[in-house]
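Trainee: Below is the structure, and that's it, no one-letter string:
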């Protein structure tokens, strides 16, 4: 694993840069990975390092406070955010805070959050036109906070890994790389087809 700076904040809190490992394909990195993946089609892809791009362009920091892991990723000023799972509202999520947690969404409306599925995922469009995807690999209730200028923040119980995709030349390239990891509606995971 690559370098990791850690500093003690209080007796029950730790903070620092997240450990990273290049995985799956060029431009995809796993940060602070210690739990099995529930997002990837093949969990071995998430856990098997590759030898290629040695250092990610952006490295998240973490802080563990009172049983919650807070992950922050600072990007260039002017970055816009999209994604955040299946929630109602405008497509662009810059300046928003979203909670991912599966619930029944009776009374669906423009302010309903979340809908039926949880996807702790953010697609960032950088000022230079490149795109970066960030996945918090957790099944826990997760807060995605995009209210601070050009900062992605995930907050969830317990420790969880974060996977970055890119930056790549376009949002399409990021989503293609993400689909190699989690599958698509046209490419079900191997376990769904009865394969190991």
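Mentor: Yep, it's here. Treat the numbers as computed from the prediction; the structure is a model and nothing was measured.

Trainee: Residue 145: how many residues sit nearby?
Mentor: 16 (other CB atoms under 10 Å). Heads up, the C-betas are built off the backbone N, CA and C, glycines and all.

Trainee: secondary structure element for the spatially closest residue to it that is not a sequence neighbour?
Mentor: Spatial nearest neighbour of residue 145, chain neighbours left out: residue 153 (4.1 Å); criterion: CB to CB, 6 or more residues apart in numbering. Counting by DSSP states H and E, the element that carries residue 153 is strand 151-157.

Trainee: try residue 174
Mentor: Following DSSP H and E, one finds residue 174 within helix 171-182.

Trainee: name the helices or strands packed onto that helix?
Mentor: Packed against helix 171-182 by the contact rule (3 or more CB pairs under 8 Å, 6 or more residues apart in numbering; DSSP states H and E) you find helix 43-47, strand 121-125, strand 131-136, strand 162-168.

Trainee: Rebuild the ones you listed as JSON lines, extending it with mean pLDDT, mean neighbour count and distance to residue 99.
Mentor: Output for those, formatted as JSON lines (pLDDT from 0 to 100; neighbours: other CB atoms under 10 Å; distance: least, CB to CB, whole Å):
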{"stretch": "helix 43-47", "mean pLDDT": "67", "mean neighbour count": "15", "distance to residue 99": "24"}
{"stretch": "strand 121-125", "mean pLDDT": "96", "mean neighbour count": "23", "distance to residue 99": "14"}
{"stretch": "strand 131-136", "mean pLDDT": "96", "mean neighbour count": "24", "distance to residue 99": "12"}
{"stretch": "strand 162-168", "mean pLDDT": "94", "mean neighbour count": "24", "distance to residue 99": "17"}
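
Trainee: Pull the number of nearby residues for the residue nearest to residue 145.
Mentor: By other CB under 10 Å, the residues close to residue 153 number 18.

Trainee: separation between it and residue 174?
Mentor: 19 Å (CB to CB, to the nearest Å).

Trainee: related to what we said a few turns ago, JSON lines for the helices and strands packed on helix 171-182, including distance to residue 69?
Mentor: Compiled in JSON lines, the helices and strands packed on helix 171-182 are given as follows (distance: least, CB to CB, whole Å):
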{"stretch": "helix 43-47", "distance to residue 69": "17"}
{"stretch": "strand 121-125", "distance to residue 69": "16"}
{"stretch": "strand 131-136", "distance to residue 69": "9"}
{"stretch": "strand 162-168", "distance to residue 69": "9"}
